[in-house]
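**Student:** how would this look folded up:
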Amino acid sequence: MSTVDLAPAGLKRVAARDVSPRETRYLAQVDIDSVALEECWGGPETIRDDFAEWFAFAFSPADGEAFILLREAENPPAPGFILSVTGGLFSPRAADLIVRALAVAGARVTHLNSEAG
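**Tutor:** Presented below is the predicted three-dimensional model:
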């Protein structure tokens, strides 16, 4: 999948349980207003792992690719969300395109995984 295909019209919400943590990598920290995100895309799912409970928004821009925005539910260590992606979206360019495709005013990448670029 080409990252140029990332557009709001091409995004679809998917169940967070359908995005395997084994198939994703941390790409970026994203500063995005959670209320605005919910207004655009609906409420978050709540998922749990061995460490915490998380608010999650999962998306699939194309078959075989997915990304998930995660925020610790109880005590988030930083503002915003963690962005984890499948392999075809693991790049600085994809991080910027994903944030733009979410179509939430003011959203921005604040930290990028150094392995991505």
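
**Student:** List the strands paired with the longest strand along the chain, with their directions.
**Tutor:** Looking across the chain with DSSP state E, the single longest strand is strand 53-62. Sheet pairing here is set by DSSP bridges, and for strand 53-62 it gives strand 12-14 (antiparallel), strand 45-48 (antiparallel), strand 65-72 (antiparallel).

**Student:** quick one, the next helix or strand after the shortest one and strand 53-62 angle?
**Tutor:** Meaning strand 12-14. Downstream of strand 12-14, the first helix or strand assigned by DSSP states H and E is strand 24-31. Computed by axes from the mean of the first three to the mean of the last three CA atoms, to 10 degrees, the angle separating strand 24-31 from strand 53-62 equals 110 degrees.

**Student:** right, and the helix or strand after strand 24-31?
**Tutor:** In the C-terminal direction, the helix or strand that comes right after strand 24-31 (DSSP H and E) is helix 34-41.

**Student:** tell me what that next one is packed against?
**Tutor:** If you count contacts as 3 or more CB pairs under 8 Å, 6 or more residues apart in numbering; DSSP states H and E, helix 34-41 packs onto strand 53-62. C-beta here means a position set from N, CA and C on the backbone, and glycine is covered the same way.

**Student:** Tell me which residue lies farthest from the centre of this structure.
**Tutor:** Relative to the C-alpha centroid of the chain, counting by CA atoms, centre = their mean, residue 50 is the outermost residue, at 20.1 Å.
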